[in-house]
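In: Give me a 3D structure for the following:
(chains A, B, C and D)
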There are 2 protein chains.
Amino acid sequence: MSGKSEGGTIDRRAARTRKALHEGLLRLVTRKGYEAITVQDLIEEADVGRSTFYAHYTGKEDLLRSGFAMLRAELSATEADGQAGDEPLRFSRAMFDHAGRYADVFRAMTGSRGSLVALEEIRRALSEIVRRELPKGGKDEGLPREVYVQFTVGTLLTLLTWWLEKKPGLKPAQVDAMFRRLVLQGIGDGAERR
Amino acid sequence: MSGKSEGGTIDRRAARTRKALHEGLLRLVTRKGYEAITVQDLIEEADVGRSTFYAHYTGKEDLLRSGFAMLRAELSATEADGQAGDEPLRFSRAMFDHAGRYADVFRAMTGSRGSLVALEEIRRALSEIVRRELPKGGKDEGLPREVYVQFTVGTLLTLLTWWLEKKPGLKPAQVDAMFRRLVLQGIGDGAERR
DNA sequence: TCCGATTGTGAACAGGCTGTGCGGGACGCG
DNA sequence: CGCGTCCCGCACAGCCTGTTCACAATCGGA
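Out: Next up, the predicted model:
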């Protein structure tokens, strides 16, 4: 009715539908876990027709990936400022802060009722960041660089999971400190080295 | 209910059925991935009646857990010889050897078409072992012991996944060496020794 | 502003999988 | 050898999936 002709290439109806589906997915995930969600639930929660859903996404996994794509776009937009630090692994603190705010979603995604796809997406996003920020200094490192990247990401996820699952009381800064210590020194007693 | 003659032995027919289902699951997992498997597939592959399946397990996840329980029992049986030796993380080499032999199953279980439940079971089994074998020496470790455990397990899984997924050509001993280096020293400037 | 073309939308449909119930038959145990 | 336990085939309702189709809302040009 009212002509609010604006916006970009996407039809307003389509935009509205996608937004409703993404928001509905988030609500449902925290309510019953990703695995248990059906397309049926999604279209009821978002109040859209069945064929409408399939016109936009091939299934719930596609919707999930789409959500992560949007999230990654946002992240890389707000990440440009984090420069000027000589300290290695500077990004980790921001990660723990961010994860702490979305703790319930994260738990629902990565818990036993979550999704391997979600975990994979998270791992991929983190890998991109780490690949960029990991100190490249190591000239004669004995291990392939990608191993260092995966190791760092793995440790980040380990700490993240342990934190949100077992010790939600800790503050991001505390977990971040543990993360740095582990990544930089391993379990070796850092006292005698260096 | 109890079809077992008190003493732990199971009726041969029941044992045969369960064996057929477990073997069928393994075949199917490597053929089409865990996620895509239906109960329908399982009973056809194992040539078992529908109601028979549900008489033994509540679903495919239950069957999977049961399989891991058996595996863990076997492992802890063949593990008794591990000396409380001098070298820390003595178990890791055996783990990489073992995983290398079941590479295809492992990939099918933990790949994107795998199962979070399987990953969780693997993590749990590894955690038990690491909890037992991790040097408790820590005098004034600033971190909770469980964090060291999870960190070690996480790194093990990271290396395992990277190895089987990206560099299947490497030998277990090589991957094990990387694992030890990372766990003991992290990415810290351990590069200076060489 | 109006109209045709485009595109999103909702209802309905066929097919597949699930989990359960039941009677009859086979096998193992004592 | 008899009894009890377990397996099997079949059937059923219920739910979810992925697609089809007619219709209505929106967009773009005149």
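
In: Can you measure across stretch A:40-58, start residue to end residue?
Out: 13 Å (Cα to Cα, to the nearest Å).

In: List the buried residues of that stretch.
Out: Using 16 or more other Cβ atoms under 10 Å in any protein chain shown as the test for burial, stretch A:40-58 gives A:Asp41, A:Leu42, A:Ile43, A:Glu45, A:Ala46, A:Val48, A:Thr52, A:Phe53, A:Tyr57. C-beta here means a position set from N, CA and C on the backbone, and glycine is covered the same way.

In: what does the worst-scoring helix or strand of chain A on mean pLDDT contact?
Out: Across the helices and strands of chain A, mean pLDDT, DSSP states H and E gives its lowest value to helix A:60-77, namely a mean of 88. Contacting residues not belonging to helix A:60-77 are listed as A:18, A:21-22, A:25-26, A:34, A:37-39, A:42, A:57, A:115, A:117-118, A:121-122, A:125 [Cβ atoms under 8 Å, 6 or more residues apart in numbering or on different chains].

In: Recalculate using a threshold of 7 Å.
Out: Helix A:60-77 is touched from outside by A:Leu21, A:His22, A:Leu25, A:Ile37, A:Val39, A:Leu42, A:Tyr57, A:Ser115, A:Val117, A:Ala118, A:Glu121, A:Ala125, with contacts defined as Cβ atoms under 7 Å, 6 or more residues apart in numbering or on different chains.

In: Return it as PDB; C-alpha atoms alone will do.
Out: Taking C-alpha atoms only, helix A:60-77 is exported to PDB below (Å, rounded to 0.1, in the frame of the first residue of the first chain):
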ATOM      1  CA  LYS A  60      17.300 -25.700   7.800                       C
ATOM      2  CA  GLU A  61      21.000 -26.200   7.300                       C
ATOM      3  CA  ASP A  62      21.000 -23.700   4.500                       C
ATOM      4  CA  LEU A  63      19.300 -21.200   6.700                       C
ATOM      5  CA  LEU A  64      21.900 -21.700   9.400                       C
ATOM      6  CA  ARG A  65      24.800 -21.200   7.000                       C
ATOM      7  CA  SER A  66      23.100 -18.100   5.700                       C
ATOM      8  CA  GLY A  67      22.900 -16.800   9.200                       C
ATOM      9  CA  PHE A  68      26.600 -17.400   9.800                       C
ATOM     10  CA  ALA A  69      27.400 -15.700   6.500                       C
ATOM     11  CA  MET A  70      25.600 -12.600   7.700                       C
ATOM     12  CA  LEU A  71      27.300 -12.800  11.100                       C
ATOM     13  CA  ARG A  72      30.700 -13.000   9.500                       C
ATOM     14  CA  ALA A  73      30.000 -10.000   7.300                       C
ATOM     15  CA  GLU A  74      29.100  -8.000  10.400                       C
ATOM     16  CA  LEU A  75      32.200  -9.200  12.200                       C
ATOM     17  CA  SER A  76      34.600  -8.300   9.400                       C
ATOM     18  CA  ALA A  77      33.000  -4.900   9.300                       C
END
